[in-house]
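> A structural model of the following input is requested.
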Amino acid sequence: MSLSNSEEQLMEHLWKLEKAFMKDLLEAFPEPKPKTTTVATLLKRMMDKKFVAYTEFGNSRQYYPLVKKSDYFSKHVNGLISNFFNNSASQFASFFTKETNLSEKELEELKKIIDVELQKKKK
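Here you go, the predicted structure:
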């Protein structure tokens with residue numbers, strides 16, 4: 001199950017805040033801020049999809065994510081690799097490094113990440 005763009009944007013704020021009341025979520029948005037009813041509708045849909053839950057404090061609800069950001073994006077990246085790159089991570093990496101115009105510094109950082117992962121696999 002995935003999120004719409006607006007749900008994803010709201011989820012980003014919730015991941016950052018970890019726990020948030022409606023006013024906290026509204027404050028997190030840049031101007032022009034969405035209406036409270038819009039955010040409430042998004043939260044309801046996200047609860048139905050089992051991405052968000054809440055704890056009640058009197059009349060207020062404190063929302064929190066049920067899905068980790070890393071799990072959500074990992075699933076999407078794996079889906080992307082599967083759907084567009086014949087399930088080949090190396091085809092994806094080749095496309096990513098060529099098409100995103102990475103700087104030499106960024107490529108070096110990427111190489112370090114890969115080297116660390118290679119060392120872990122060898123153990």
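
> show me the domain layout of the chain.
Domain ranges of the chain: 5-65, 69-122, per automatic domain parsing.

> state the mean pLDDT of the last one.
Averaging pLDDT along domain 69-122 yields 83.

> same deal with the first one?
Average pLDDT, domain 5-65: 95.

> one step back: okay, the domains of the chain, which one's buried deepest?
For the domains of the chain, the largest average neighbour count (mean count of other Cβ atoms under 10 Å) is found in domain 5-65, namely a mean of 14. The way it works is simple: take the backbone N, C-alpha and C, and place the C-beta from them, glycine included.

> packing partners for the longest helix along the chain?
Longest helix in the chain, counting residues (DSSP state H): helix 104-122. Taking 3 or more Cβ pairs under 8 Å, 6 or more residues apart in numbering; DSSP states H and E as contact, there are no helices or strands that helix 104-122 lies on.

> neighbouring contacts of stretch 83-103?
80-81, 107, 110 (Cβ atoms under 8 Å, 6 or more residues apart in numbering).

> can you rerun that using 7 Å?
Residues outside stretch 83-103 that contact it (Cβ atoms under 7 Å, 6 or more residues apart in numbering) are 81, 107.

> dump the residue contacts of Val39.
Here Val39 is in contact with 10, 22, 25-26 (Cβ under 7 Å, 6+ apart).

> check Lys105 too.
Residues near Lys105 by Cβ under 7 Å, 6+ apart: none.

> how about the spatially most central residue of the chain: what's its closest non-neighbour residue?
In the chain, the residue lying closest to the centroid (Cα atoms, centre = their mean) is Lys69, at 4.5 Å. Nearest residue to Lys69, sequence neighbours excluded (Cβ to Cβ, 6 or more residues apart in numbering): Trp15, at 4.5 Å.
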